Each structure stands twice: as C-alpha cells, then as structure tokens.
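J.: Need the 3D shape of this:
(chains A and B)
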Amino acid sequence: MTAVEIAGVGLHPFGRFEDQTATSMGVTALRAALDDAGWSIDDARRRVGAAFCATAYGGVAAGHRVLGGLALTGIPIVDVEAGCASGGAALSLAAGTIASGQHDAAIVVGIEKMPKGIIRSSFFAPWQEQSGLAATPAYFALRAQRTMHDHGLTKDDLAALVVKNRGWGELNPNAMFRSAVTAEQVLGSRLVCEPLHLWMLCSPNEGAAAVLLRRAEGGSGAVQLAAVALRSHLPGHVLDESTPMAGLIDDGDITPPTTLAVRDAYEQAGVGPDDVDVAECQDTDAARELLTWSELGLCAAGDQRSMLHGDRGQVVNRSGGLLSKGEPLGASALGQVVELVGQLRGTAGARQVDGARVGLAHTIGRGANASVTILRR
Amino acid sequence: MALLGVGVGVPSWRLAAGDIATAWGGRGGRGSIAVCGPDEDTLTLAWTACDALLAETGASPDDIDGLWWGTTRPPFAEGPSWSHLAATLRLGPATVGAVTAGSPHAGVEALLAAADAIAAGTVAQAVVVTSDALLPGTGTTLEPACGAAATAVLLGPATDDAPAVIGPRAGRWMPALDRYRGDHEDTTRDVYDGRLFREEVFLPLATDTASALGTDSRWSLPDPDGRLGGALARKIGTDQVVSADVRKALGDTGAAAALTGLVPALTTPGAAALLAFGGGRATAVGIDVRAAVPGAERAVADLAAEGTPASYAQVLRARGQLEPAGEHVEMAVPPGSAMFVRGNAEILGLVGGRCVDCATVNFPHSIHPACLGCGGDKFDSVPLSRNGTVQTFVINHAMPAPFVAPLPLVCVDLDDGSRVMFQGEGTGAELAIGSPVDLVLRRYAIERGVPVYGWKVRSR
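T.: Numbers count the residues shown, from 1 in each chain, chains lettered A, B, ... in the order given. All right, here's what the predicted structure looks like:
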C-alpha cells in the first residue's frame, strides 16, 4: 500500500454567512488548501486524479459546483454522505484511491449550509416521526441520560466540558462562538431536552473545509495520514446516534461504532491511545464527548471526571470543538483534520499542544457512522 | 341482563368556571369542570374506563364479543372510531357492536343496544362505554358547564349471583332543539332559549319519562347547566340524586353523564335508576343493585380525584380553539399512507413481533419486516406487557409541531423482556432510570386533521 500524506489544508470559517453559498465556501476552502500546498490550478489539474465532496444538504452534484468554481472539473467527482462522518468517509475514499496506486493526488472537500433550528431528520421511519419519537436533540439526551447514569457523571461535569471547549474556542478565529463561558452560564442556558441545555449542544451551521492528499513523497516533512477508518453500529446497539426505537436490545455487550473504528485506526497506524498527543472528537453534546473519551480508550469508563479536570482533558478539542465551531455536517470532520494538521506542524498558535506528533480526529452521527482519522508527523 | 362491573376514566385537567367568566367579562362562575389535556379525548377516556373495568372484573378481552360506545364526539366524525377502541382493548377480530352518537342521549342508546344483543343471544358478554368531552363554542352560556369523563360497564346474561341487573326502561320524545351542532360546525351552540327549553322541553319530557319508569329509587339525573338537575329532582319528588356530587366535580359529561352519575349507587345494594336526556329524547332505565358492583369503589375514588388545574388559555389550546400564528411544517408522509396503516393495529394493540430465531421483539414488525437483531423474517405475534422500568429517558423542551413541549420520551424495558420507546405522559417529573412505569393510551397528535394515538409511559 502506498503511504498517503497531506499536501495542504484549507478552511472557510464555521458560522452563519448570509452572503455565501455552500459552493462559494467550498471554493474558498479548496483554494486555501491549494495555496497551503503551494499548488497552482495547473499543478492541481496535472496531479489530482479524483475529488470527493462531503455534504448532506448540498443537493445534486454539489462537488461538481465546487470543483467547477476553480475550473478543476474533468476528473471523477463524487459526493459522499454518511451523516456526521461524511468528511471522514470522503477522506477514506480519497485516501484509498492513492493507497491503491490509482491516483497521485486527490481532493477532499466538505461543504454545508444547514437550515436553522432543530434538524428534521429523514433518518427515521414515518411512523416514528408521526409518533413524535424522531425529534433530533432527544436522541442525544437519551444517550446522555444513560451515559451520566453509567459513568457516574453529573450535569456539573457536562457544564465543565462546555467551559473547557468554549475556553479554547475563544482562541479560534474560525469558530462560530468565540467567547469563554462559565458553568453557571451553561447551566443557566435554556433547557432543550433534559439533561441537555442549549449551550451543551452544538449548533448546526455553515462552513467548508478542504484537504489535499498526495502520495507520500518521503522526507517532505508533510503530515502523514496514518489511518482513516469508518464503521457503523452493530445490530442492536441502541444508545447511539442510531437508536432505532423499535426492537431495542440490551446493548451492554455490543461494541459501539466509535470503538470499532478506533481499533481499526490504531491498528493501521500502529499506535495506541497513550500515543495520542492531541485529539479532536465529536462533541455534538457535552455528554457525547465524555462518552467518546472512553470509547476511544483515552480514559477508562467512569474516569472521565478526573481526565476532564486534569491536563489530559485539555488536549481534546483544542479547536474549541463543535460546541465552539458549530457543526456544518459535511465539513466538520475535515475541519478537525485542518486543526490537527496545524497542531502537528506547530502552527496552532495559542491553542498549540507543545510537541504534538500524533493527532486523532473522531466523528459519530446518524447511521450510526463513526470515523476515526490518525495523523502523524 | 347482568351488570357485572364498572370502571371510569376522568381527564387530567380541571378548569375553574370563574376563569371562563373572567375572560368574557361575566360575573362569578362557580366550581370547576373536568377537561381533556392535549393528549386526551373521548377515545383515551373510553380506553381508560374500559381498562379499569377489565382490571377490576378480571374479564379477559378474549371473552368479550360485543363493544358498544356512546359519545357525542367520536374521535373520527366519520372514520374508524370503533375499531380504534377495539384495537386498543385487544378485542377479538369477530367482535361486534356500534358507536352511537348524535346527541348526549347516545350513551343510553349504547347501553340498551348491548343489553338487547345479550337478551337476543347474539352476544355473550359486552362492554358498554360512554365517554364524552364536550366542545362548546367559546363564550357560550353552556361553556362553564361542559365537562368530560367516561364510564364503562360489563354486561352479560342474568344469573342469580349477578351483582346488579338491568331492569325496566321507559322513554319519551319530542322534536325540539336542545343543543345543536351542524355538520359543518366544530363546536356546540347554546340552547336557543333557556326558559323555553326548561319549561316546555326539558322538564316535561324528563318528568314524563321518570314517571313512566315508576320507581322510587336513587336517581342519576341529567343536569346540563348546573340547575336543571335540581329542578327535575323536585319535579319528580326525589331527594336521592346520586349523580349530584359527580356533576359538581366534573361538570356535564354529555353522553357519559347518565352512567357516570349512577356509579355511586353501584357501591351499595338497592334500587337505582338513570335518566338520559338529549336529541329531543329522554330514556330512563332501572338498575337493581344486589351487591357492591366490582370496580365501583375504585370508580368512586377515581371520580373524586382532584386533577391538575389548567388555565382557560391552556384548555382552549388543547381544544384547538387557540392556535399559534406562523408556518406549520407538515410531516413528510400523511397519516393515510401505507407506512402508517400497515402497523396501526400493532401500534394500537401494543402487539410486537418476537423473532423466532433470536427472540428480539420488533415493534411494530409489520413496518419493520426484517428483525432488527438478526435480519430474520419469521415472527410470532406477542401482546406486549404494559408494565416495565425506565431504561433511559429525556424531557424534550423543543418539539416541532404538531407535538407540544415539554414532552418526555422514554425507552422502557417491559416486564416481558422487550425494550420499546414511547412518549411519556405529563411533564415526566417523576421519571428516573430504573423506576417502574405503566403504559396508557393517549393521543399523540392531530396531524393534517387526523388524530394519531399511541401508548405513553406513566410513572407508577
């Protein structure tokens, strides 16, 4: 298998941009990635063999519109949708074309412009929607309630997690929410679905991210794509974003999709959880990040509180996480890669984890699809 | 015909009559009325009464082959009201019966139709349920009197040891307007002239009917406005109006009034009678109570339950008489689509499909033809338990229309080992992981004008 490395990354800030379309944000991010790589449009035309565009709301042939904006059409362009893991899925497919020797380089771009307010998901069956069982944030809260019960966590811990992420978000110019918050403010924010308050939930929003992958050139000093893995939930696993609400089975012994994905990724990269210097992980809600820590092996189940209040917790979501950035579905996983590339290059400024050499990015969402990406330098 | 048991259903809300008077600039307004919350209607009340009846008598749905239901407000003005109720009670596929409607007289019509079917031998054992949730026009004179409740009784052939027996009946009619609602109208209009109605319609017709029954007994009397009942009692010369306390606690319960008012008389032996009035008709029925009727003590207690105070604005919103401005986003698929129809009997009857290969219970399995646990396609139909414990839950404070927040959603481990998810009743304040809960029938929503029903989790 041919090794894959990251030639360049680019980002359009995450937030709300009434003067931008998903396409224009994608063009901005992709141009930034080419600039970061030092590639001209002609270089890209000569070397890039395929493009994958992650989006859930982008509409028909969304990737063609982005590539067309930079006159880069002509190559295969495929849109990829896998819920919150869409970006990880696109990255995985693009990396595969290089690792297999099919292409020399590939473009991965994620774009999104989501409607405001509660997501009306098309994931559930019509009868579930009709029965009021399909309201989106409820699913996060059902899992959060159980996570708190099983892992000995309280709403104060969820608030502390938000304080941590929003503290780093204050230092991220590309984040949607750029102010630090206190636990009192978090617990005082509007109750959306007990136990989750508004500020414990990430905001669906808009943005774009792009990653330019190429065959590893050896000695380039570029960040290496050490692993990218994508897994979905096993039948019967219920307390995840897949919750099917019917025929539910006890999921105590069923391995969650995040753990399935991270096992694959650790094996591909030849590292373990203790080797991870910096991580970006899915914080759809505050309890989700805390559950993810144990699913990734960053701490033992039930040890989240001590990790949260120690130094180790501070290496997760240095970007501010989705709680600060918001979550533009197709772009969020690639946004994590952009952040980690900065961390591994040592260019993350005030958010820098000193000497970071191994970075891990994680997403989980509808499906339940989980993606784990490991970068190394 | 033997009356073998009784059960009642009372809605959760109480509305002070004074709140209505205040809104319309009127004076006073005494007492309070029982009104439906947003997830209750004549179907859920009828189910509650029948559920209590079956629990108290120990009768099995398999032994019941007749269902008669009297109400002025069938949940579907034209549609599957009867079959919805039959499904939620898990009655057999050959069960017969009818919905009687059209006026508050409908309750006694259901009772007598069932009694006649048993007398004729066409039905062995019948459930009769009368339920109502009156929907008056806003600001009408009758509005502060319009209540809601349901009473169900179990009828069978007369035997020597029957706790109560249905006796003689008498009826009179005249083609006079009492209350009125046209086919194109949602709400009921006022009596056209209070004095004329009292002196020339109600009192003569009701008095004649009571006299024709010729009994000196404990009476359940109609009282549409809170005064007519007292006037009627004086006319027929009785001081044994057993319906007075129920009327005071709940208001006029329409088609359910006659049987509901009789409930206190079913706790002790003695002669009793009910009188139903409406639609230009009056009918009186004598009941010989020989022993305390199973379920009567619980029914009396249920009727006296205090309920949750609600504001006039809350009640108007629950009745659909106060609607939010702005866009209503309809669901992706209308209620008449195959995706709902195929699983409706299972959803209403709480019937799961147990996979013959891995024993996972799929619900509703007609909509999910492959087992979620193993992909198998062979199932045994199993009625699910209505008791369980909370696996996890959420109190949703943001729900898209037509749902109303706060709305609990609860994942329940049922006592039969299945795990299913439902809405929760009320605010869900008593829910906790591991706590015991029961399932009750409630209305989930009205989507595109169609009421949608399902089971809700209630803390035990």
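
J.: Could you use CA atoms for every contact and neighbour count after this?
T.: Noted.

J.: Residue A:335: neighbouring residues, count only.
T.: Residues lying near residue A:335 (other CA atoms under 10 Å in any protein chain shown) number 34.

J.: For the residue nearest to residue A:179 when sequence neighbours are not counted, give me phi and psi.
T.: Among residues not flanking residue A:179 along the chain, residue A:170 sits closest, at 4.8 Å (CA to CA, 6 or more residues apart in numbering or on different chains). Backbone torsions for residue A:170, taken as degrees, to the nearest 10, come to phi -60, psi -30.

J.: Contact partners for residue A:170?
T.: A:177-180, A:320, A:324 (CA atoms under 8 Å, 6 or more residues apart in numbering or on different chains).

J.: What subset of those is buried?
T.: A:177-178, A:180, A:320, A:324 (16 or more other CA atoms under 10 Å in any protein chain shown).

J.: Show me those that map onto helices.
T.: residue A:324 (DSSP state H).

J.: What separation is there between the residue positioned nearest the centre of chain A and residue B:13?
T.: With distances taken as CA atoms, centre = their mean, residue A:333 lies nearest the centre of chain A, 2.9 Å away. Going from residue A:333 to residue B:13 by CA to CA, to the nearest Å gives 49 Å.

J.: for chain A, what spans make up the helices?
T.: Under DSSP H, chain A gives helices at A:22-37, A:41-47, A:62-68, A:86-99, A:126-130, A:136-151, A:155-169, A:183-188, A:257-269, A:286-296, A:304-308, A:321-325, A:329-345.

J.: in chain B, what spans have low per-residue confidence?
T.: B:28, B:328-329, B:331-333, B:339 (pLDDT under 70).

J.: near chain A, which residues of it show up?
T.: B:331-333, B:335, B:339-340, B:360-364, B:371-374, B:391-400, B:403, B:409, B:411, B:418-423, B:433, B:444-445, B:447, B:452, B:454 (CA under 8 Å from any CA of the partner chain).

J.: Narrow those to those that are buried.
T.: The buried subset of those - by 16+ other CA under 10 Å - is B:331, B:335, B:339-340, B:360-364, B:371-373, B:391-400, B:403, B:409, B:411, B:418-423, B:433, B:444-445, B:447, B:452, B:454.

J.: thinking again about what came up before, now pLDDT too, for the contacts of residue A:170, in CSV please.
T.: As requested, the contacts of residue A:170 are exported to CSV (pLDDT from 0 to 100):
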residue, pLDDT
A:177, 97
A:178, 96
A:179, 97
A:180, 97
A:320, 98
A:324, 98
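
J.: Serialize those to TSV and add fields for distance to residue B:74.
T.: TSV is the format used below for those (distance: CA to CA, whole Å):
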residue	distance to residue B:74
A:177	52
A:178	56
A:179	56
A:180	56
A:320	55
A:324	52
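
J.: Low-confidence regions, chain A specifically.
T.: A:117-126, A:135-136, A:236-253, A:367.

J.: ok, now with 90
T.: Within chain A, the segments meeting pLDDT under 90 span A:1-2, A:83-84, A:115-147, A:150, A:193-194, A:217-220, A:232-257, A:365-369.

J.: which residue ranges form the strands in the stretch 201-350 of chain B?
T.: In the stretch 201-350 of chain B, the strands defined using DSSP state E, counting those that start in this stretch lie at B:218-220, B:270-278, B:281-289, B:308-309.
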